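Enquirer: Fold the following, please.
(3 chains)
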Amino acid sequence: MSDQPVVRRRVAQHSISDTRYNDAKSQSQYQPYKDAAWGFINHWYPAMFSKELVEVVDGEGGDEDIIPSVKGIQIAGVPIALRRVNGKVFAVKDQCVHRGIRLSEKPMCFNKETITCWYHGFTFNLDDGKLRTIVANPEDKLIGTTGITTYPVEEVAGMIFVFVREDDFSLEDVPPLSDDLPFRFPESSERFPHPLWPAAPSILDEGAVAHGMHRTGFGNWRIACENGFDNAHILVHKDNSIVHVNDWVLPLGILPASDDCIEVVEDETGPKGMMQWLFSDKWLPVLENKELGLKIDNLNGRFYRTSVVLPGVLMVENWPEEHVVQYEWYVPITDDTHEYWEVLVRVCPTEEDRKKFKYRFDRVYKELCLHGFNDCDLYAREAMQHFYADGTGWDDEQLVSTDISPVTWRKLASRHNRGIAKPGKGTYGAVKTHSTRFKDTADGKRPAYFVDQVWF
Amino acid sequence: MSDQPVVRRRVAQHSISDTRYNDAKSQSQYQPYKDAAWGFINHWYPAMFSKELVEVVDGEGGDEDIIPSVKGIQIAGVPIALRRVNGKVFAVKDQCVHRGIRLSEKPMCFNKETITCWYHGFTFNLDDGKLRTIVANPEDKLIGTTGITTYPVEEVAGMIFVFVREDDFSLEDVPPLSDDLPFRFPESSERFPHPLWPAAPSILDEGAVAHGMHRTGFGNWRIACENGFDNAHILVHKDNSIVHVNDWVLPLGILPASDDCIEVVEDETGPKGMMQWLFSDKWLPVLENKELGLKIDNLNGRFYRTSVVLPGVLMVENWPEEHVVQYEWYVPITDDTHEYWEVLVRVCPTEEDRKKFKYRFDRVYKELCLHGFNDCDLYAREAMQHFYADGTGWDDEQLVSTDISPVTWRKLASRHNRGIAKPGKGTYGAVKTHSTRFKDTADGKRPAYFVDQVWF
Amino acid sequence: MSDQPVVRRRVAQHSISDTRYNDAKSQSQYQPYKDAAWGFINHWYPAMFSKELVEVVDGEGGDEDIIPSVKGIQIAGVPIALRRVNGKVFAVKDQCVHRGIRLSEKPMCFNKETITCWYHGFTFNLDDGKLRTIVANPEDKLIGTTGITTYPVEEVAGMIFVFVREDDFSLEDVPPLSDDLPFRFPESSERFPHPLWPAAPSILDEGAVAHGMHRTGFGNWRIACENGFDNAHILVHKDNSIVHVNDWVLPLGILPASDDCIEVVEDETGPKGMMQWLFSDKWLPVLENKELGLKIDNLNGRFYRTSVVLPGVLMVENWPEEHVVQYEWYVPITDDTHEYWEVLVRVCPTEEDRKKFKYRFDRVYKELCLHGFNDCDLYAREAMQHFYADGTGWDDEQLVSTDISPVTWRKLASRHNRGIAKPGKGTYGAVKTHSTRFKDTADGKRPAYFVDQVWF
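Expert: Model (predicted):
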């Protein structure tokens, strides 16, 4: 940890531009964002950790080894089934063309190239989604004329990413995964210097290892995302163990001190997003609130920097320690649930490094950071949800100077998203009051990310 | 069980008529069916097993014997209270004219001719529903001028049937129960010959005994009903114990081989429905799917035949054994719940026969068929529900040749139903998000068929 | 208890005016009441018992004593946070102007004059609601220009009352608490004589002590309120222990015998409401129902009288014993939940009196009256709810002569309420299907009155 104070060159100016306010003009610039309750589509999202989709090899073990390695999830209202075959992961629309059954509810696969609907035997190619045959109707005219959408998959550093596309989004137009991942270093070191810490690793680096967790958050993904790079919510973390274990002394908050405190990145290629110039003279720590008699002495914090790129990926450099970076995703499931991903990445060239990182993750970071620290964020996001759930929050919020971060994000996301997801249709969450939902709830089951599988 | 193979006379022709597809023209022919989310009204439905409505005789036992034999249910959005008096069952609308209380929530009866609302004492005749008196207001002008709808009741073979009618459907127009029950044999034996098994019994036969169960299904009744006579869903049953206990070897499916594979019955009198010519040359078993490398040898199944009549009554002849027939009903409760009835009928002339049938039901059929086998159907129906719940499934489904069965059913049901039930009004399920529903759910109670009764 | 029979002067006339029927003309006179699903606003409501908002004094005890005495509730769709400081209770809108967080979810107070939002540090004055500062943004332009609504508070006899106002209802126009409390005695003794019992105490009397309970009722507040002064629902109480413990013999009901059986009070000042002339000759007990063969001999009841004033406060004089009065409130939370308050008041001049009353409350009244007796009312109200939940009940109900009470109430409430609450916005219950609600329900939590607090 770098404890030396940052050299600051400017005097804070609190009258920075008014772009932070949510007046009509500002709001009109992020209308697409306000419309994106179900998320942005035609983007790469994390689907599962690699270890969550284990391939069961025929002939090994007992009866169980005929269970195909299939699991179902939902992203941005799109039901998706994933299957691993010969190590490779395939993703297809998890909704049979026949009568809408989710293929993943009771996985059935007759060979390595297909997935079969367990109800009426409609069998689809994993690679192109075409209706290959129907178990008990092998000559039907429908065969070959229809199919289910497939989704490109990339697996890196122990994570499975899926490109969630609209049915008519051309596969030729699918961008590389790196376009939807955080800015990379040292490529960006000149553009975004960071004298206080070593260059952040990337999940795309050779030898990168990712450890983390994901769980369902009950609230809209945008509310969650905006919390991630929020510079004004230090209050919710002031009692966290990770802070006190390290004897950190946090400021009351961090204030923008310049109109260029955030840099928007909209290069023709590569990720679209924004970098906050934290721990530069463009943001100032607040050490005193006279009105409340609060004063911070001996500031001693962790230097970090947050940035965010489409479709909503947070990067916290130099956190929770040097050479480690935290990524977060707030993957929309429906308009009122999202899958919250917290991932720590480190480059581990040797097996020894990998073991050490895993041990530290298990014994320190999982408990103190991903839970202790981020649990507060998760709760705060859910607490905001009622205000925004009926759509009135976006108009009624009263923003302040620190809100330049979410407002900048909303505008850039409005300009650069590749599509606004339509409300889920014929799938989970499209009808929220369905009796199956009350049945599940009575049985103690919360709304969830994974499809419940049944084995008769 | 008849194990001899059926004699087949024709070669299969896979290019049967295109009526199976759900194009606009076909859909327009079953628009009334698509509108019947809350069910068909002015039909006979099973309400309870006789043993579920026991009459408590005055003077027997202790305090409890003043509890009237009253229970409340809901069918097609209509709340119905049933009371047994002197052995006879009466059914009335379970919604007081005064302020809408369900009479059955706290049964109160002062004599054998009436039922009284426990809240303000409105007392209705069981036979004609008229407001006979008000306990504490015996001279009110309203008395005699209003009342609650009554529903004709028939009790046969241990089952109570109710004719669920609209308030203004004339009692004179009520058809006999037999019009809403499956085709009967031997009357229909010439029309629908069945060389492979003995004539199916009917619940209306002398000496008929019905054993079965009913439970709430979480989904629309139509989705459930269409599964009942579906010839293409053998896949969901391939692992069922009843199959393997009997060493049955099932085909992959059964394909229609002729345009007249289904016969629609729309005689002026009697049940309206359709008979499938299963185990004739009009349907062919599928023994091979080359694409998937599947091949069935030594076919050894149970010969059965399915038919369905309005308002949605399945008959499976010769199932699960000779001389036994399985009936099923999918009684709409609301638009997203139905009561699933599974009933086995056998004619038992002697007390010995009755005992034997009961024993076999308890020890074999209940576990292996009504649960093991049909649990798979119940699950499959619920799995289809999300696709249809928002109304888009009917348009988006892509049907194949075997779907000639549901399509034929939809069309005939559209032509011959006696009325489309309106959405429930002022009763359970009309408002799905009511706080009472969340309260019940938090307490672990799923949406249910019977009214919860309270005794203070 | 006064057991002597009341002297009656008139003969019953059952053909009293037709105002009781809910025809179009009558309904038009209470349209505002039909519109008040979310309650009446700009009225005084009970918020908590004093003992539910304990002040924790700094320096006492251990760590816990920094927990501010803050609790959150919701009335008529308005989220309200209460804090006790130096004994005085303050009430403010429980919704941060910034991003809608409920301040009470994680109470944070830096001094005795303010309450701070735990998320971003927005700090509001308790007395005038102004945005005083922002913890980490002490010079933001927004400070001083905005704020949250405050609500006048009165604390009497162990109860905290809050004036729930619209944001733009002037504090200068706030009426005294007594305007929203029941009629007082002996001031009203001449107007409403009561020869059968001593003058009822008031919660505003010197030495008044209130004991009671409150709990959430699942249904609309109007349905609950109308049950309180309903003279026709004696049936639901006939088996209550409090009746039989006292060997009371109740009539079948009480019928209005005169057009002036209810007196509407609409004086320019003071409470607006209605007094029922029970136990006068304007109402007659019904002792016989020949049709049902019911006959009451030796009537031996408790003489009581019910009245109701805006915004829906029931007073039952002389109940459950002399010198005691029962108050009830049905405080709207949302349009389908209300907080049901049952409070017994007695003037206790000495400590000995206080102890005796408390003992009698704990050992007799709480169990037999507030639970045993009123549990029946609570259930009856919830049972009516389905009929009214979809809005059709108000039109479909068929009223009788005893319903002169609710109809009179509906009309006077329509004339004299100070405002109709708008549906909750950006707060609990505005969106009933939100995933947080399903999460809570799956966890066994029913919709509730108090805000769940979280301590990280």
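
Enquirer: Please count neighbours and contacts with C-alpha atoms only from this point.
Expert: Fine.

Enquirer: What is the burial count for A:Leu399?
Expert: 18 (other CA atoms under 10 Å in any protein chain shown).

Enquirer: Wasn't it part of a strand?
Expert: No - under DSSP: H, G, I helix; E, B strand; the rest coil, A:Leu399 falls outside any strand and is assigned coil.

Enquirer: for the residue lying closest to A:Val153 once chain neighbours are set aside, helix, strand, or coil?
Expert: Leaving aside its chain neighbours, A:Val153 sits nearest to A:Val162 (4.6 Å; criterion: CA to CA, 6 or more residues apart in numbering or on different chains). Put simply, A:Val162 is strand when judged by three-state DSSP.

Enquirer: A:Val162: what's it in contact with?
Expert: A:Val162 sits next to A:Trp44, A:Tyr45, A:Pro46, A:Ala47, A:Ala91, A:Tyr151, A:Pro152, A:Val153, A:Glu154 when contact means CA atoms under 8 Å, 6 or more residues apart in numbering or on different chains.

Enquirer: Equivalent analysis for A:Ser241, please.
Expert: A:Leu368, A:Gly372, A:Phe373.

Enquirer: Try it again at 7 Å.
Expert: A:Ser241 sits next to A:Leu368, A:Gly372 when contact means CA atoms under 7 Å, 6 or more residues apart in numbering or on different chains.

Enquirer: cool, A:Glu291 as well?
Expert: C:Thr133.

Enquirer: Enumerate the residues of the stretch 51-200 of chain A near chain B.
Expert: Taking CA under 7 Å from any CA of the partner chain as the measure of proximity, the stretch 51-200 of chain A contacts chain B at A:97-101, A:110, A:118-121, A:133, A:135-138, A:140, A:142.

Enquirer: repeat that for 6 Å
Expert: A:Val97, A:His98, A:Arg99, A:Gly100, A:Ile101, A:Tyr119, A:His120, A:Ala136 (CA under 6 Å from any CA of the partner chain).

Enquirer: And the pLDDT at the closest residue to the third one other than its chain neighbours?
Expert: Yep, that's A:Arg99 we're talking about. Excluding the flanking residues, the one nearest A:Arg99 by CA to CA, 6+ apart is B:Glu397, at 5.1 Å. Model confidence at B:Glu397, given as pLDDT, is 94.

Enquirer: does the closest residue to chain B within chain A count as helix, strand or coil?
Expert: Closest residue of chain A to chain B, CA to the nearest CA: A:Gly426 (3.8 Å). Using three-state DSSP, the structure places A:Gly426 in coil.

Enquirer: Give me the neighbour count for it.
Expert: 25.

Enquirer: Surely it touches B:Phe387?
Expert: Yes - the pair A:Gly426 and B:Phe387 passes the contact test of CA atoms under 6 Å, sitting 3.8 Å apart.

Enquirer: quick revisit: can you name the two of the residues of the stretch 51-200 of chain A next to chain B that sit furthest apart?
Expert: A:Gly100 and A:Ala136 (18.1 Å; CA to CA).

Enquirer: Which of these two has more residues huddled nearby?
Expert: A:Ala136 (27 against 22).

Enquirer: Touching, the more buried one and B:Ile254? I think so.
Expert: No - the criterion here is CA under 6 Å, and A:Ala136 misses it with B:Ile254 at 7.0 Å.

Enquirer: Pull up the overlap in contacts between these two.
Expert: B:Val286 (CA atoms under 6 Å, 6 or more residues apart in numbering or on different chains).

Enquirer: that older thread, for the residue nearest to A:Val153, list each beta-bridge partner.
Expert: Taking DSSP bridges as the rule, A:Val162 bridges to A:Tyr45, A:Val153.

Enquirer: Where do the strands of the stretch 1-150 of chain A begin and end?
Expert: A:43-49, A:70-75, A:78-85, A:88-93, A:114-116, A:122-125, A:131-134, A:150-151 (DSSP state E, counting those that start in this stretch).

Enquirer: Same list (those) but as CSV, adding mean neighbour count and mean pLDDT.
Expert: Shown next, in CSV, are the strands of the stretch 1-150 of chain A (neighbours: other CA atoms under 10 Å in any protein chain shown; pLDDT from 0 to 100):
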stretch, mean neighbour count, mean pLDDT
strand A:43-49, 24, 98
strand A:70-75, 25, 97
strand A:78-85, 24, 97
strand A:88-93, 23, 98
strand A:114-116, 26, 96
strand A:122-125, 25, 98
strand A:131-134, 24, 97
strand A:150-151, 28, 98
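
Enquirer: Now tabulate the ones you listed in CSV and tack on distance to C:Tyr359.
Expert: What follows is the strands of the stretch 1-150 of chain A, written out as CSV (distance: least, CA to CA, whole Å):
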stretch, distance to C:Tyr359
strand A:43-49, 61
strand A:70-75, 58
strand A:78-85, 61
strand A:88-93, 67
strand A:114-116, 71
strand A:122-125, 73
strand A:131-134, 76
strand A:150-151, 71
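
Enquirer: ok now do A:Val347, which residues does it touch?
Expert: A:Gly207, A:Ala208, A:Val209.

Enquirer: do the same with A:Val264
Expert: Contacts of A:Val264 (CA under 6 Å, 6+ apart): A:Gly273, A:Met274.

Enquirer: host element of it?
Expert: strand A:262-265 (DSSP states H and E).

Enquirer: Now find how far off-centre that strand is within its chain.
Expert: Remark: strand A:262-265 is offset 20 Å from the chain centroid, using CA atoms, centre = their mean, to the nearest Å.

Enquirer: Next, the buried residues of it.
Expert: A:Ile262, A:Val264, A:Val265 (16 or more other CA atoms under 10 Å in any protein chain shown).

Enquirer: Now do the contacts for the last one.
Expert: Listed by CA under 6 Å, 6+ apart, the contact partners of A:Val265 are A:Lys272, A:Gly273, A:Met274.
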